[in-house]
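> only the shape, not the letters, is given here:
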């Protein structure tokens with residue numbers, strides 16, 4: 001049908017229904033955005049999308065006007081709830097009780113780490129040398145103190161003399177990398193931009209780096225497509241940088257598609273260099289080349305593996321390429337190729353470590369041996385050491401029920417550093433040399449409230465009989481004998497093979513202290529039970545993940561932790577493919593739903609920033625199978641088939657480049673138009689926030705306090721009802 005354009009005012013009154021939601025002090029924003037009838041049929045699927053205009057660049061101003069007005073209404077009403085201010089103060093107090101540490105790296109006898117002191121909004125970068133710590137960079141220095149300016153990532157030169165720091169502006173993840181002299185703390189003239197925050201520079205030596213640059217697209221374009229990796233020499237103009245992977249120039253033997261991220265990972269201790277074509281998939285195509293060729297700007301890449309080889313982790317030490325693959329064992333196996341013995345080929349690889357029933361999830365290679373992480377059904381980690389000289393894998397003696405993260409190898413390949421923490425203990429950093437683990441002296445203080453938490457590992461039975469791991473964390477009213485149902489929130493994600501690892505959050509700690517139950521449902525789509533578990537919840541199988549989450553909710557009710565009137569679900573980002581669909585399928589089970597920066601309009605990935613990057617995990621809308629897989633995950637389509645509704649809160653970062661703000665805005669508008677005031681559909685936005693990774697402390701706590709207040713209000717909790 002031909003699209004019909006309306007010239008109606010931006011905001012229109014919503015139609016008043018005969019029956020309204022139990023308000024309890026919260027009401028819907030009384031106006032709707034304009035609707036422009038638009039209908040189409042794609043692969044036999046009928047689509048009615050009256051808010052398609054929100055996707056357009058010329059509709060951005062109108063979108064933000066409605067979203068911000070709706071958000072102002074939401075935050076004002078949440079702030080007026082009697083218990084919200086005390087909740088916020090409790091979260092602030094626990095968050096500021098002590099300093100917190102993040103992202104440690106060692107090089108040249110120096111230790112670099114990020115520190116968030118009680119009086120700071122954003123972590124600063126510190127350096128420790130000779131037993132003394134000093135400030136290297138405060139990204140908020142010289143700012144208004146409110147607009148986020150955060151360190152997204154950093155990478156240290158082999159001699160520890162320089163550190164390349166990426167700064168994200170305005171809560172976003174796009175920014176510039178500058179090279180700082182560690183001795184003086186001053187930046188040099190080198191400015192590498194635009195760069196995505198996760199992409200660190202790779203050091204070839206102390207003066208030469210590789211980096212991945214975003215596409216220089218026009219405003220509104222998708223910079224996540226057509227990236228290029230460059231070679232840069234410190235002190236030279238970036239106009240002289242040479243493309244070494246990706247782009248429209250020579251592929252040097254390794255073709256990178258426009259939606260893939262070309263990343264070059266040099267190692268100063270090896271004659272070889274690893275290149276990958278990454279994106280939002282569990283598997284990575286990889287290639288190798290000689291470091292000497294890369295130095296000249298004319299690398300010769302030999303492709304070693306593609307997606308079908310199911311490699312999810314790789315590393316090089318000396319002349320050996322190590323990689324994890326799930327091609328023949330869904331739990332993974334560690335294999336190696338001798339690069340000096342001839343053309344690299346998976347066909348002549350050798351087994352290094354079989355899964356033995358464990359889920360192999362990561363590897364880091366050092367000159368003395370390999371560190372292999374394994375994942376348990378609860379997503380807790382184990383760490384193994386394999387001496388390169390030979391011998392059986394040794395399981396390192398580490399605390400149980402914790403997760404290992406931030407694993408980094410020193411530039412000399414002598415040691416690794418990593419963090420470990422869990423639900424009842426905050427993160428602490430460690431160093432491992434030849435399998436011997438020692439503390440780094442960076443340990444976040446664990447508050448008594450964390451130690452008082454109880455963690456229960458349970459299982460839920462999904463609709464097809466699959467057993468789903470379920471983690472339950474509580475304290476407060478449940479610290480003694482059980483006293484009946486409590487406010488309960490299930491968290492879930494289930495994408496890209498990412499496991500829901502144990503973690504400490506001061507905000508969820510406060511939730512527990514106040515009598516709330518936190519649960520994590522380890523649905524299919526994650527990696528807790530291996531690659532088969534991941535594939536069981538991706539593409540057309542995402543409906544399995546919906547069933548898994550529903551089963552976790554039913555299990556919590558059966559166990560007595562909650563009733564449907566005190567049970568909510570929460571998820572972020574790719575969790576948008578999971579959380580609203582599950583609630584729309586079972587509105588009788590969930591009283592309240594919160595989706596943060598969610599992908600909720602999956603059939604429109606082709607029009608979204610960072611959208612084509614998601615095809616391998618979610619579905620390609622250009623194919624019938626892919627589109628129908630996306631349709632089964634798309635809440636804007638499921639809404640019309642829903643047997644009823646429940647109460648929703650959508651949070652949006654208007655500077656989000658991972659998930660476009662129009663996704664949540666469209667779904668919220670559709671729900672309001674369909675349900676009127678039969679259910680709450682609220683929006684909370686932040687014009688100085690992106691996906692949440694670069695937000696200030698206060699931004700994060702304000703958002704989480706509003707989320708908790710919304711849940712407690714919907715559950716009818718005392719102090720949160722007016």
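Here it is on my side, so go on. The structure displayed is predicted, hence computed values, not measured ones. Residues are numbered from 1 along each chain as shown.
> where does pLDDT dip in the stretch 451-600 of the chain?
The model of the stretch 451-600 of the chain has pLDDT under 70 over residues 477-483.
> which residue ranges form the strands in it?
454-461, 467-474, 488-491, 517-521, 567-572, 592-596 (DSSP state E, counting those that start in this stretch).
> of these, which is nearest residue 302?
Closest to residue 302 of these, according to CB to CB: strand 567-572, at 38.6 Å. Quick note: C-beta positions are derived from backbone N, CA and C, even for glycine.
> show me what the closest one is packed up against.
In this structure, strand 567-572 makes packing contacts with strand 488-491, helix 542-559, helix 579-585, strand 592-596, helix 697-714, judged by 3 or more CB pairs under 8 Å, 6 or more residues apart in numbering; DSSP states H and E.
> where is the longest helix in the protein?
In the chain, assigned by DSSP state H, the helix with the most residues is helix 60-79.
> what's the spacing between that one and its chain's center?
From the chain centre to the centre of helix 60-79 is a distance of 25 Å (CA atoms, centre = their mean, to the nearest Å).
> now what about that helix, what contacts it?
10-11, 25-27, 29, 31, 33-34, 53-54, 84-85, 220, 649, 652, 654, 661-662, 665, 668-669, 682-687, 706, 709-710, 713 (CB atoms under 8 Å, 6 or more residues apart in numbering).
> one more pass at 7 Å, please.
10-11, 25-27, 29, 33, 54, 84, 652, 654, 661-662, 665, 682-685, 687, 706, 709-710 (CB atoms under 7 Å, 6 or more residues apart in numbering).
> in strands, which of the residues you listed fall?
Counting by DSSP state E, the part of these found in strands is 11, 33, 652, 682, 683, 684, 685.
> out of the residues you listed, who's nearest residue 283?
The closest of these, once distances to residue 283 are taken by CB to CB, is residue 652, at 31.0 Å.
> I'd like to know how many residues surround the closest residue to that closest one other than its chain neighbours.
Leaving aside its chain neighbours, residue 652 sits nearest to residue 685 (4.4 Å; criterion: CB to CB, 6 or more residues apart in numbering). When neighbours are counted by other CB atoms under 10 Å, residue 685 registers 23.
> buried sites along the longest strand seen in the chain?
Longest strand in the chain, counting residues (DSSP E): strand 187-196. For strand 187-196, the neighbour count (16 or more other CB atoms under 10 Å) marks 190, 192, 193, 195, 196 as buried.
> was I right about the third one contacting residue 176?
To tie it back to what came earlier, the one meant is residue 193. Yes. Here residue 193 reaches residue 176: they are 3.7 Å apart, a contact under CB atoms under 7 Å.
> shaky segments in this structure?
Those would be 1-19, 217-220, 477-483, if you go by pLDDT under 70 across the chain.
> got the domain ranges for it?
Following automatic domain parsing, the chain resolves into domains at 11-93+448-714, 101-200.
> want to try CSV for those domains, with distance to residue 381 as columns?
As requested, the domains of the chain are arranged in CSV below (distance: least, CB to CB, whole Å):
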stretch, distance to residue 381
domain 11-93+448-714, 7
domain 101-200, 17
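> winner for burial among those?
Most buried of the domains of the chain, by mean neighbour count (mean count of other CB atoms under 10 Å): domain 11-93+448-714, with a mean of 21.
> now do that one: distance to the chain's middle.
The answer for domain 11-93+448-714 is 15 Å, by CA atoms, centre = their mean.
> got a list of what the closest residue to residue 174 other than its chain neighbours touches?
Of all residues not flanking residue 174 in the chain, residue 194 sits nearest, at 5.4 Å (CB to CB, 6+ apart). For residue 194, the contact set (CB under 7 Å, 6+ apart) comprises 174, 213, 214, 223.
> so what's the last one up against?
Applying CB under 7 Å, 6+ apart, one finds that residue 223 lies in contact with 174, 194, 214, 215, 217.
> how about the nearest residue to it, chain neighbours excluded?
Nearest to residue 223 is residue 214, by CB to CB, 6+ apart, at 4.1 Å.
> tell me how far the nearest residue to residue 191 once chain neighbours are set aside lies from residue 162.
Excluding the flanking residues, the one nearest residue 191 by CB to CB, 6+ apart is residue 176, at 5.3 Å. Using CB to CB, to the nearest Å, residue 176 is found at 16 Å from residue 162.
> same check, this time on residue 711
Here the criterion is CB to CB. By it, residue 711 lies 46 Å from residue 162.
> quick one on the thing from earlier: what would the ones in strands among the contacts of helix 60-79 look like in JSON lines with distance to residue 444?
Below are the ones in strands among the contacts of helix 60-79 laid out as JSON lines (distance: CB to CB, whole Å):
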{"residue": "11", "distance to residue 444": "46"}
{"residue": "33", "distance to residue 444": "43"}
{"residue": "652", "distance to residue 444": "30"}
{"residue": "682", "distance to residue 444": "33"}
{"residue": "683", "distance to residue 444": "34"}
{"residue": "684", "distance to residue 444": "28"}
{"residue": "685", "distance to residue 444": "31"}
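> which of the residues in stretch 419-426 are buried?
Here stretch 419-426 shows 419, 420, 421, 422, 423, 424, 425, 426 as buried, counting by 16+ other CB under 10 Å.
> whoops, I mixed them up, stretch 437-449
Quick answer for stretch 437-449 (16+ other CB under 10 Å): 437, 440, 441, 442, 443, 444, 446, 447, 449.
> any idea which residue is closest to the centre of the protein?
residue 573 (7.3 Å; CA atoms, centre = their mean).
> verify the stated contact: that one with residue 660.
No. Look at residue 573 against residue 660 with CB under 7 Å: they stay out of range, at 11.9 Å.
> please tell me how far the residue nearest to residue 652 sits from residue 312.
35 Å.
> ok so, going back, helices - which of the buried residues of stretch 437-449 land there?
residue 449.
> nearest to residue 148 among the buried residues of stretch 437-449?
For the buried residues of stretch 437-449, the nearest to residue 148 is residue 444 (21.8 Å; CB to CB).
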